[in-house]
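S.K.: here's my sequence, what's the structure:
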Amino acid sequence: MADRIQTTPGGYDHNAVQSWVSRGGHIDQSCDAPDDSYRLFKHKDGHHIWLQPDGSINICSVKVPADNKNGGKMKVSVWGDAMVLVRQDCDIEVRGDTRLECDGNIEAHSTGDLKLGSEGNIKLMATKNIEIHAQQAIGLGAKAKLSIDTPKIEENTDMKKTSVSGPLNDVINGERTLEMSAEKGTFHITSKGHMIQTVKGDYQLIVGGRSQEKVGGKIPKIPLPAMGGQTQAKSIELGADGGTGKMEKVVIGNSVETVTVGNKTTNVAAGNMTTAVGAGTYTVAAGVNATITGTKNVTIAGATVFLN
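M.R.: Below is the predicted model:
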């Protein structure tokens, strides 16, 4: 049984402090000083519970000896519910690792800001889904790289804008489809510089309505090297890699080519040139002169040939 020993520490009235010290060195101490009353329960090895006069409770668990890897632990076991209520600020400082394990759900709620920071890496892992919802904006920023590795991405948004200050490269190993589902929508592609389209296979353009192509012909300050010294507004080269030529077919309607100011020249370097009108009239009209020249023979054949 513990012995009762009354001590008088310096600065205290000997009647204010009472200590009970066991034979093993454990201390149960009370101080009834009007301005600095406290209660202390202290183990002989140093860990203690200290009830301070300002309402604070100090619980200290120490390692004995100091290099003991298993000493100095504190364990709190609650077989029912537990609630911790903090009226002001709450600080938790851990010098080692922290591990939180829960068999049920974990919910964190804040009426202010919620910040999560780390000087190392942050990982979010789930065997099922991860959802991020915000009533306003969500911002993602990375000074080095933002990587997304997933077999499938689905986006559903009312408006999307992408701004890239440097190069943008999309590499697709499969197929890609761009579809405008709105009948009154318009698909714009604008380049203040050059634009190059390279198709190593076939190229098919299907237009359900009308098609218009307008080429200004202005030579840029920094021309595209592939254009060489070309001065024409538009140049089309066919069959350079072994193709068979060009075919234009108008199923229903007219075909009109107009040169407002300038000349039009059709050159066939080697081969024939045929213009056939199955049913109708073929007319060549010139405002000034018309010349038909052949290095050998010129043949004009018809049921009736009129020469004025």
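
S.K.: pretty sure Glu155 sits in a helix.
M.R.: No - under the criterion used here (DSSP: H, G, I helix; E, B strand; the rest coil), Glu155 is coil, not part of a helix.

S.K.: distance of it from Ala16?
M.R.: From Glu155 across to Ala16, the span is 73 Å (C-beta to C-beta, to the nearest Å). For every residue, glycine as well, the C-beta is placed using N, CA and C.

S.K.: who's more crowded, the two?
M.R.: Neighbours of Glu155 and Ala16, each counted by other C-beta atoms under 10 Å, are more numerous for Ala16; the result is 16 against 5.

S.K.: residue contacts, that one?
M.R.: Going by C-beta atoms under 8 Å, 6 or more residues apart in numbering, Ala16 touches Cys31, Asp32, Ala33, Ser37.

S.K.: could you redo the last one with a cut-off of 6 Å?
M.R.: Ala16 makes contact with Cys31, Asp32, Ala33, according to C-beta atoms under 6 Å, 6 or more residues apart in numbering.

S.K.: the first one contacts Ser37, doesn't it?
M.R.: It refers to Cys31. Yes - shown here, Cys31 and Ser37 form a contact pair, counting by C-beta atoms under 6 Å, at 5.3 Å.

S.K.: between these two, tell me which one has more neighbours.
M.R.: A side-by-side neighbour count of Cys31 and Ser37, using other C-beta under 10 Å, places Cys31 first with 18 against 14.

S.K.: now the more buried one. Its backbone dihedrals?
M.R.: phi -130, psi 130 (degrees, to the nearest 10).

S.K.: and Val21, by the same measure?
M.R.: phi -120, psi 130.

S.K.: tell me where this structure has strands.
M.R.: All strands of the chain, identified by DSSP state E, fall at 3-5, 17-21, 27-31, 38-42, 48-51, 57-60.

S.K.: save those strands as CSV, and put in mean pLDDT and distance to Asp241 too.
M.R.: Shown next, in CSV, are the strands of the chain (pLDDT from 0 to 100; distance: least, C-beta to C-beta, whole Å):
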stretch, mean pLDDT, distance to Asp241
strand 3-5, 39, 107
strand 17-21, 88, 102
strand 27-31, 91, 98
strand 38-42, 91, 93
strand 48-51, 91, 89
strand 57-60, 89, 84
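
S.K.: what about stretch 53-62, start to end distance?
M.R.: End-to-end distance for stretch 53-62: 23 Å, by C-alpha to C-alpha, to the nearest Å.

S.K.: now do stretch 288-304
M.R.: For stretch 288-304, the first-to-last residue distance is 25 Å (C-alpha to C-alpha).

S.K.: average model confidence for it?
M.R.: For stretch 288-304, mean pLDDT rounds to 85.

S.K.: that stretch: how far from the chain's middle?
M.R.: Computed by C-alpha atoms, centre = their mean, to the nearest Å, the chain-centroid distance of stretch 288-304 equals 68 Å.

S.K.: and for stretch 291-307?
M.R.: Here the centre of stretch 291-307 is set off from its chain's centre by 70 Å, with C-alpha atoms, centre = their mean.

S.K.: in that stretch, what's buried?
M.R.: Neighbour counts using 16 or more other C-beta atoms under 10 Å place no residue of stretch 291-307 among the buried ones.

S.K.: give me the distance between Thr186 and Asp202.
M.R.: According to C-beta to C-beta, Thr186 stands 27 Å off from Asp202.

S.K.: before we move on, the earlier item: mind checking which of the strands of the chain is nearest Thr295?
M.R.: Comparison of the strands of the chain against Thr295 by C-beta to C-beta identifies strand 57-60 as nearest, at 113.2 Å.

S.K.: that's all I had, so thanks and see you.
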